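Asks: The sequence and its predicted three-dimensional model are supplied below.
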Amino acid sequence: MPSSSSADLVVAVDVGTTATKVTAFAVDGIPVAATEQGYPLRAPAPGRAEQDPDEILAAVRTALAAVVGQVGAERVAGVALSSAMHTLMALDGEGRPLTPLTSWADTRAEPQSDRLRADPSGLALHRRTGTPVHPMSPLPRLMWFAENEPGLCARVHRWAGVKEYLLLQLSEAWVMDHSIASATGLMNLEALAWDAEALQLAGVSPAQLPELVPTTHVVPLTARAATAVGLPAGTPVVVGGGDGPLANLGVGAVRPGMAACSLGTSGALRVVVDRPAVDPLGQVFCYALAPGLWVVGGAINNGGIVMQWLLESIATDLGAGAEPELLALAAQVPPGSGGLLMVPSLMSERAPRWTSLARGSYIGLTRDHRREHLVRAALEGVALQLALVLESMRAAGLQVDSVRATGGVMRSELWQQLLADSFSLPIDLLEGQQGSGHGAAILGMAALGLIDTIEDAAVATRVVRSVAPEPDAAAVYAALRPIFGGLEGALAPTYAALRRLAAPLR
């Protein structure tokens, strides 16, 4: 462990779906150095979303070494981790991967998820574990492996997510923090222990799963890993948590009524509470953040990925880097897109209905609509889907009166205004876009004794601008929201029929 008094930085390693961001933070929350390393998310077959865990490990090592090189190893008090949630992979007895890493975007377990949701035990399971029954969750995916790959399952020594694999490689520790575990569908929230019924459904034993530890748990960096990243052996590694809960911490949304909205490739809206709870309808999730703190909310699959689809489908003639041009076109269209709605469920959908049936749809299309209408309707669809999540959170008894937003797309003024108008709430924008990474750093500072409490550090986060809703636009979206909200249910039979027709192609 570094003992020098000059060790004043915590290096946050934020392992996302398509890139790892590594940032060195000072105790006052100021980022001192940062870098990013990308990797692919592959779709080898319909419904599959997979990654090579060793590509991610290499990206983590490269990015961490780069930041350590920038700030100097003597300044690093420790490393803190954040990672994407709901990932799953199988390991052999030596800790080597037997499968690719499967992502939250993997929908292969739709049949298992549908079957479990249709049973009364599904909602009871959701209430006990905090994780909605959905293909994103490792629980249905474990059921899929048990039913479709029994030979593989017989060889599996351990089941892990991406962060557990990284911790195994960096510290030889076989642990899973409560935050990541609360997103597996396998952990009982009240007991903070593996749920016996969930494990039976999944076909796994407690011995195949990591030891459960708090998000502030510390393990040492091994000599081999330390050499690879330029740090001393024994450097403290704070296991950290899931990127969603840590985003609330990172943006300072830890007070009652203050929500955090992260909108990147996907999106989520969450508030912090002091005890675990799931609403009776099962529309919200509940994940652990830190001892005595939990986040409740909902996530959507389709955020910035919708803009990527627009660029690849209706804007190929504009060439590379056309996103600003498309956004400028959409900004010329009045709210409501001339009576055009888009259900932006290009990658199925999650909250608030938690059904894997949803598909993307344009509703109300006429010959008068042009490219700019298609673009704006798609962006409005994302904002309206998040507004439905907000509605479900309020229906669950949660107070939400302000929102702090982060994420790649939030750099756009159009996206900022759409969110404020769709929520009919002010949107606070923060200095930098380091929600999850900053949250990991705060957690790390608390674990290493560099700060007194994580709440005090979180509320010191700097708001640089607030975007107020425009009354006329907010009124349009308030009128559209129930219409938009009814589309998923109305189209469900159509989606089901289309999924049956597509099945032979899988």
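Replies: Cool, got the structure.

Asks: Doesn't Val10 belong to a strand?
Replies: Yes. Val10: assigned to a strand according to DSSP: H, G, I helix; E, B strand; the rest coil.

Asks: That one reaches Gly449, doesn't it?
Replies: No. Between Val10 and Gly449 there is no contact, the gap being 11.3 Å when judged by CB atoms under 8 Å. In short, each C-beta sits where N, CA and C put it, glycine included.

Asks: between the two, who's got more neighbours?
Replies: Remark: of Val10 and Gly449, Val10 carries more neighbours, 28 against 8, as counted by other CB atoms under 10 Å.

Asks: Could you measure from the more buried one over to Ile363?
Replies: Using CB to CB, to the nearest Å, Val10 is found at 48 Å from Ile363.

Asks: do Pro280 as well
Replies: 30 Å.

Asks: low pLDDT regions in the chain?
Replies: 1-5, 432-434, 503-506 (pLDDT under 70).

Asks: 80 instead?
Replies: The model of the chain has pLDDT under 80 over residues 1-5, 431-434, 459-460, 502-506.

Asks: Kindly state the domain boundaries assigned to it.
Replies: The chain breaks down by automatic domain parsing into domains covering 9-245, 304-390+471-505.

Asks: okay, Pro280 and Ile363: which has more neighbours?
Replies: Ile363 (16 against 10).

Asks: residue contacts, the more buried one?
Replies: By CB atoms under 8 Å, 6 or more residues apart in numbering, the contact list for Ile363 reads Leu340, Leu341, Met342, Val343, Leu487.

Asks: What residues of the helix or strand where the last one lies count as buried?
Replies: In other words, Leu487. Using DSSP states H and E, Leu487 sits in helix 471-502. By neighbour count on 16 or more other CB atoms under 10 Å, the buried set for helix 471-502 is Ala473, Ala474, Val476, Tyr477, Leu480, Arg481, Phe484, Gly485, Leu487, Glu488, Leu491, Tyr495.

Asks: what's the distance between the most centrally placed residue in the chain and Gly449?
Replies: Nearest to the geometric centre of the chain sits Gly244, at 4.9 Å (CA atoms, centre = their mean). Applying CB to CB, the value for Gly244 to Gly449 is 26 Å.

Asks: what does Asn148 give?
Replies: For Asn148 relative to Gly449 (CB to CB), the value is 48 Å.

Asks: same deal with Ala198?
Replies: Here the criterion is CB to CB. By it, Ala198 lies 35 Å from Gly449.

Asks: Equivalent analysis for Leu116, please.
Replies: For Leu116, the distance to Gly449 equals 43 Å [CB to CB].

Asks: ok, now Ala497?
Replies: Per CB to CB, Ala497 is found 59 Å from Gly449.

Asks: ok, now Thr316?
Replies: Relative to Gly449, Thr316 is positioned 54 Å away (CB to CB).

Asks: Then Val32?
Replies: In terms of CB to CB, Val32 sits 20 Å off from Gly449.

Asks: now do Ala320
Replies: On the measure of CB to CB, Ala320 and Gly449 end up 48 Å apart.

Asks: ditto for Ala183
Replies: Where Gly449 is concerned, Ala183 sits at a distance of 28 Å (CB to CB).

Asks: Return the residue spatially closest to Leu293, with its sequence-adjacent residues excluded.
Replies: Nearest non-adjacent residue to Leu293, counting by CB to CB, 6 or more residues apart in numbering: Val272, 5.7 Å away.

Asks: can you give me how far whichever strand or helix holds the one you found is from the chain middle?
Replies: According to DSSP H and E, Val272 maps onto strand 267-273. Distance, stretch centre to chain centre, for strand 267-273: 11 Å (CA atoms, centre = their mean, to the nearest Å).

Asks: what does that strand rub up against?
Replies: Strand 267-273 has contacts (CB under 8 Å, 6+ apart) with 244-245, 247-248, 253-262, 286, 289, 293-300, 302-303, 382, 385-386, 389-390, 393, 398-400, 403, 407.

Asks: Distance check, Ala173 against His157.
Replies: 16 Å.

Asks: Kindly report the same for Ile305.
Replies: Taking CB to CB, one finds Ile305 at 34 Å from His157.

Asks: Then Ala440?
Replies: For Ala440, the distance to His157 equals 29 Å [CB to CB].

Asks: Comparing these two, which shows the higher neighbour count?
Replies: Ala440 (34 against 14).

Asks: that's a helix at that one, yeah?
Replies: Yes. Secondary structure of Ala440 (three-state DSSP): part of a helix.

Asks: from now on call the first residue 369
Replies: Sounds good: first residue 369 from here, last item Ala808.

Asks: does it really touch Gly610, like I thought?
Replies: No. Applying CB under 8 Å as the test, Ala808 and Gly610 come out as separate, 10.1 Å apart.

Asks: so what sits against both of the two?
Replies: Ser450.

Asks: For the nearest residue to Ala645 once chain neighbours are set aside, grab the count of nearby residues.
Replies: Closest residue in space to Ala645, ignoring its immediate chain neighbours: Cys654 at 6.0 Å, by CB to CB, 6+ apart. When neighbours are counted by other CB under 10 Å, Cys654 registers 25.

Asks: Likewise for Cys521?
Replies: Neighbours of Cys521 using other CB under 10 Å come to 18.

Asks: Just the element for it, please.
Replies: Per DSSP H and E: helix 518-523 holds Cys521.
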